[in-house]
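**Student:** my questions concern the predicted model and sequence given below.
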Amino acid sequence: MADFVIRVLKWLAALVTAYFILFALLFLMLIGIGIAFQPTPVTIEPNSVLVMDLGFNLTDRPETDDPAALIADALEGSISQTASLRQVINTLESASNDPDIHGLLIKGNLQTGSYGTSFAALREFRQAVLDFGKKKPVWSVLKWDTLRDYYLKSAATEVITDSHGMVDFRGLRAERLYLGEAFERIGIDVQVEAVGEFKTAGESFQQASMSEAEKEQLADLIDDLWEAIVGDIAASRGVEVATLNAVAEEELFNTGKENLRNHLVDTILSEDQLIEYLVGKVGFDGEGETFRQFDFQDYRNLSDPMAGLMDFDLGNNKVAILYVQGLILDGKSGDGIAGATTINKQLRKLRNDDSVKAVVLRVNSPGGSSTASYRIAREIELTNEEKPVVVSMGTIAASGGYMISAVGDYIFAESTTITGSIGVVSMLWNVEELADKLSLHFEGVETHPFAGSFSLARAKTDEELRQIRAMGEETYDEFLQIVAVNRGITRNDLLPLAQGRVWSGTAAVESKLADEIGGLKSAVQRAADLAGIGDGFDVIERPRPLTLEEKIEEMLTGGSMTLARPAPRGQLGIMLSDIEKEVQRLASLNDPRGLYTVVPYNLRIY
C-alpha cells in the first residue's frame, strides 16, 4: 500500500512539474515575442515629419492582440497591423500640438477586415486629418489607391503623385451573392417569411436574382453614400461635385497627368523629387538618408503606451464606450459576434459603477437574433434610467443594430452609415431533397403535430407557416413600438420608414431615425454634456485591450487559440471567402423562435 501511495505521489509530482515547465516555456515565448516586436526607444528630433503608413486595418474598438494569432503571424513572417479609430484621432490631435512635429505625410494603402476601414470610420479619421491641416501641413502620396485611400488622402493640404500613380474613382457598386438556384440544384429548400416589403435578408437563399424592392433600396442607399463621399472630396479639393462625377463616368483608369488635369492631385513628383522636396521643408536626416521624420505607429506608442489598460487609476468622472460589433446573438461575444450575455454583463457593470457618469454605445452591427436584440435593448433602457446613453453608429447599425440604438438618449450617425431596416425575417431550412439524393433518410416519431416543425427533414406545413408569420408580425409590431416611443415618431409616420428598408445616415437624420451627423468623438462629448461633467472627464473602453497577464491566461485556457489565416486576395478569393462566411453565419444563428432582425449578410459595397 505504501509503495502505491509513493508511486501516485511521484506521478502527481511529475505531472505538476510538467505543467510548470510548459507554463514557463509559454510564458517565456510570449515575453520573447513581446520583446521582439517591442519598438526601440527613440526620441523625436525637432522639425520632424510624422509619417503615417496606412498599411493597417482601422477598427472601431481596440484590438485585444490574440496571443495565438500573434504566434501564427510571427511564424508566417507577417504581423498584421490594426489601429483603433480613437487611437488614430488621439494621436493626430497630440501630434498637431507637438512643437517637434512639423507636418504629416500620409502614404500607403488601407487594409480592410471584418468591420474595419469603413467609410463611416474613415469620415471621422478624415476630419482629424482636416483638423491637423488647420495647424500644420499635411502631404499625401498616391501610388495605386482605392476609393477609400483617396477619400482619406484627399483631406491633405497637398496631394502628390508620380507619373504612374493611379486612383480607383469608378463610383460605388452594391452587390449580393444569390444562392437560390444553386440550393435548388442540390436539393436545399429555404422557406422565407419576411415582414416588410424591403426586408430582403432571406432572398439570396431563395432566389437567383435581386428583387425590384432590393434594387430600389440599394440604389437609393449607394446614391446617398456616393453623394456624401464625393461631397467631402469636392470640398477638400475645391472642385465641383459635377467635375468629380464626370471623372467617375468617363475614366476607368486615372493616372498621373489625368489626376492632375482632373484636380485629384496638386503635384507630380517622383520618389526622389518628393524626398528632396520634404528635405527642403524640414531638413536632411543623415542617418536615414532622407528627410527628417518620425513613424506614426512609434509616435502612437510613445504618446499613449498604456491606452485602455490602466483605467482603474482614472478619476470619478468617466465616460465609457461600449462596443457592440458583429452579428447580435444570444451567448458570449466572439469574433464577428456581439453576444447578448457579454454585452448585458458589461452594461450592468457600467450601470452600477458610480464613477461612470455616461455610456456611449458604439454600434457596428447588421442585427441578428430578435430575442437577443430585445434583451440588449432592455438592458440599455435600464442603464438609461440611471445615466445618459448616447449612440454612435459606425459602418452599419441596422435591423437589430438599429433596435438597440433606438433606445438611446441621442443618436449620432455618419452620412455613410447604413441603418434602419426595421423589419423581421425568418428562414426555415429543408434538406429533404438533398438527403434523398445522397440516400440519407430522416425517420422519427413524435407525440404532437408540431414536435418536428423545426426539423431539417421536411418543408413546413401551411399551418406552421401561418403561426410563424403571425409571430413575425407580432415581433415587427414590438419593433415599431420601441422605435415610435423612443424616437418620438407616430406609428403612421414610422410605417413608411420601416418595412425593412435600409437608409443612409443622412436619410436617417432627415427622417428622425437618428439625431445628428457625427462620429464617436462627438458622441463622447454629448454624453459628457448630458451627464453634466463638461470637459472634465476620462474615457474608458469596453471591451478594453488585454493586459499581458490576461493574454497569458487566455492563451493557457484556450480562450482564443485559433490560428489566423491570411485575408483573401483577388475577386475569386473574396467570393469564396464570402460563401464560407455565409455558411458560418447561418450556422451561428440561434434565435429560439427562428426570427431575425438582420440585414442581408452578403451585401458588399465597394
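**Tutor:** Now that the structure is in, tell me what you want to look at. Numbering: from 1, shown residues only.

**Student:** every contact and neighbour count from this point should use C-alpha atoms.
**Tutor:** Will do.

**Student:** the closest residue to Lys136 other than its chain neighbours: neighbour count?
**Tutor:** The shortest distance from Lys136 to any residue other than its chain neighbours is 5.3 Å, reached at Gly103 (C-alpha to C-alpha, 6 or more residues apart in numbering). Counted by other C-alpha atoms under 10 Å, the residues lying close to Gly103 total 23.

**Student:** what's across from Gly103 in the sheet?
**Tutor:** Using DSSP bridges, the bridge partners assigned to Gly103 are Val49.

**Student:** pretty sure it contacts Leu92?
**Tutor:** No - with contact defined as C-alpha atoms under 8 Å, Gly103 does not count as touching Leu92 (10.5 Å).

**Student:** coming back round to it: distance-wise, check the residue nearest to Lys136 relative to Ala470.
**Tutor:** If you measure Gly103 against Ala470 using C-alpha to C-alpha, to the nearest Å, the figure is 61 Å.

**Student:** hmm, back to that, mind listing the shared neighbours of Gly103 and Leu92?
**Tutor:** A shared contact of Gly103 and Leu92, defined by C-alpha atoms under 8 Å, 6 or more residues apart in numbering, is any residue touching both; here there are none.

**Student:** now stretch 421-428: mean pLDDT?
**Tutor:** Mean per-residue pLDDT for stretch 421-428: 90.

**Student:** could I get the CA-only coordinates of it as CSV?
**Tutor:** Presented in CSV, the C-alpha positions along stretch 421-428 are these (Å, rounded to 0.1, in the frame of the first residue of the first chain):
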residue,chain,number,x,y,z
SER,A,421,-34.1,48.0,-41.7
ILE,A,422,-37.0,47.9,-39.2
GLY,A,423,-38.4,44.5,-40.1
VAL,A,424,-38.4,40.8,-39.3
VAL,A,425,-37.4,37.7,-41.3
SER,A,426,-37.5,34.0,-40.6
MET,A,427,-35.5,31.5,-42.7
LEU,A,428,-36.7,27.9,-42.5
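
**Student:** got the contact list for that stretch?
**Tutor:** Residues outside stretch 421-428 that contact it (C-alpha under 8 Å, 6+ apart): 190-196, 198-199, 201-202, 370, 398-399, 402-403, 454, 460, 468, 472-473, 475-476, 479-480, 497-503, 594-599.

**Student:** okay, and which of those map to helices?
**Tutor:** When helices are assigned by DSSP state H, the members of the contacts of stretch 421-428 inside them are 370, 402-403, 468, 472-473, 475-476, 479-480.

**Student:** how near is the residue nearest to Lys136 to Thr290?
**Tutor:** Computed as C-alpha to C-alpha, the Gly103 to Thr290 distance reads 15 Å.

**Student:** pretty sure His164 is touching Lys143, no?
**Tutor:** Yes - counting by C-alpha under 8 Å, Lys143 is a contact partner of His164 at 7.2 Å.

**Student:** more crowded one of the two?
**Tutor:** Here His164 and Lys143 are compared on neighbour count by other C-alpha under 10 Å; more neighbours surround Lys143, at 18 against 14.

**Student:** the more buried one: helix or strand, and which one exactly?
**Tutor:** When elements are assigned from DSSP states H and E, Lys143 belongs to strand 138-145.

**Student:** strands paired with that strand, and their directions?
**Tutor:** For strand 138-145, the paired strands and their directions (DSSP bridges) are strand 101-107 (parallel), strand 158-167 (parallel).

**Student:** export the ones you listed to CSV and tack on distance to Ile605?
**Tutor:** Written out in CSV, the entries for the strands paired with strand 138-145 read as follows (distance: least, C-alpha to C-alpha, whole Å):
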stretch, distance to Ile605
strand 101-107, 24
strand 158-167, 18
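
**Student:** distance from stretch 260-279 to the middle of the chain?
**Tutor:** Taking the mean C-alpha point of stretch 260-279 and that of its whole chain, the gap between them comes to 33 Å (C-alpha atoms, centre = their mean, to the nearest Å).

**Student:** which residues touch Leu105?
**Tutor:** Per C-alpha under 8 Å, 6+ apart, neighbours of Leu105: 49-52, 138-141.

**Student:** which one of the residues you listed is nearest Leu269?
**Tutor:** Minimum distance to Leu269 across the contacts of Leu105 is 9.4 Å, recorded for Val141 (C-alpha to C-alpha).

**Student:** partners of that closest one in the sheet?
**Tutor:** Ile160.

**Student:** what's the answer for the one 4 residues further on, then?
**Tutor:** In this structure, Asp145 has the following beta-bridge partners (DSSP bridges): Val167.

**Student:** for Asn259, see how far away it is.
**Tutor:** Separation of Asp145 from Asn259 (C-alpha to C-alpha): 12 Å.

**Student:** hmm, Gly367 is touching Ala397, no?
**Tutor:** Yes - at 7.4 Å, Gly367 and Ala397 qualify as touching, with contact defined as C-alpha under 8 Å.

**Student:** quick check, nearest of the contacts of Leu105 to His448?
**Tutor:** Distances from His448 to those, taken as C-alpha to C-alpha, are shortest for Met52 (65.4 Å).

**Student:** return the set of buried residues in the host helix or strand of that closest one.
**Tutor:** Assignment of secondary structure by DSSP H and E places Met52 within strand 48-53. Residues 48-52 are the ones in strand 48-53 that count as buried (16 or more other C-alpha atoms under 10 Å).

**Student:** with stretch 53-61 instead?
**Tutor:** Going by neighbour count (16+ other C-alpha under 10 Å), the buried part of stretch 53-61 is 54-61.

**Student:** low pLDDT regions in the stretch 1-150 of the chain?
**Tutor:** For the stretch 1-150 of the chain, residues meeting the criterion pLDDT under 70 lie at 1-42, 63-80.

**Student:** show me where it has its helices.
**Tutor:** Assignment of helices within the stretch 1-150 of the chain using DSSP state H, counting those that start in this stretch yields the ranges 2-36, 67-76, 85-96, 119-133, 147-153.

**Student:** in TSV: the buried residues of strand 48-53, plus distance to Glu385.
**Tutor:** Conversion of the buried residues of strand 48-53 to TSV gives the following (distance: C-alpha to C-alpha, whole Å):
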residue	distance to Glu385
Ser48	49
Val49	48
Leu50	45
Val51	46
Met52	43
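
**Student:** and the residues you listed, which two are the farthest apart?
**Tutor:** Spanning the widest gap among the buried residues of strand 48-53 are Ser48 and Met52, at 12.5 Å by C-alpha to C-alpha.

**Student:** what number of residues are in the vicinity of Val359?
**Tutor:** Around Val359 there are 31 other residues, counting by other C-alpha under 10 Å.

**Student:** quick check: it is in a helix.
**Tutor:** No - counting by DSSP: H, G, I helix; E, B strand; the rest coil, Val359 is not found in a helix; it is strand.

**Student:** hang on, it packs against Asn317?
**Tutor:** No - here Val359 lies out of contact with Asn317, judged by C-alpha under 8 Å, at a distance of 11.5 Å.

**Student:** counting neighbours, which bits of the strand or helix carrying Leu302 end up buried?
**Tutor:** In this assignment (DSSP H and E), Leu302 forms part of helix 296-303. Buried residues in helix 296-303, counting neighbours by 16+ other C-alpha under 10 Å, are found at 296-300, 302.
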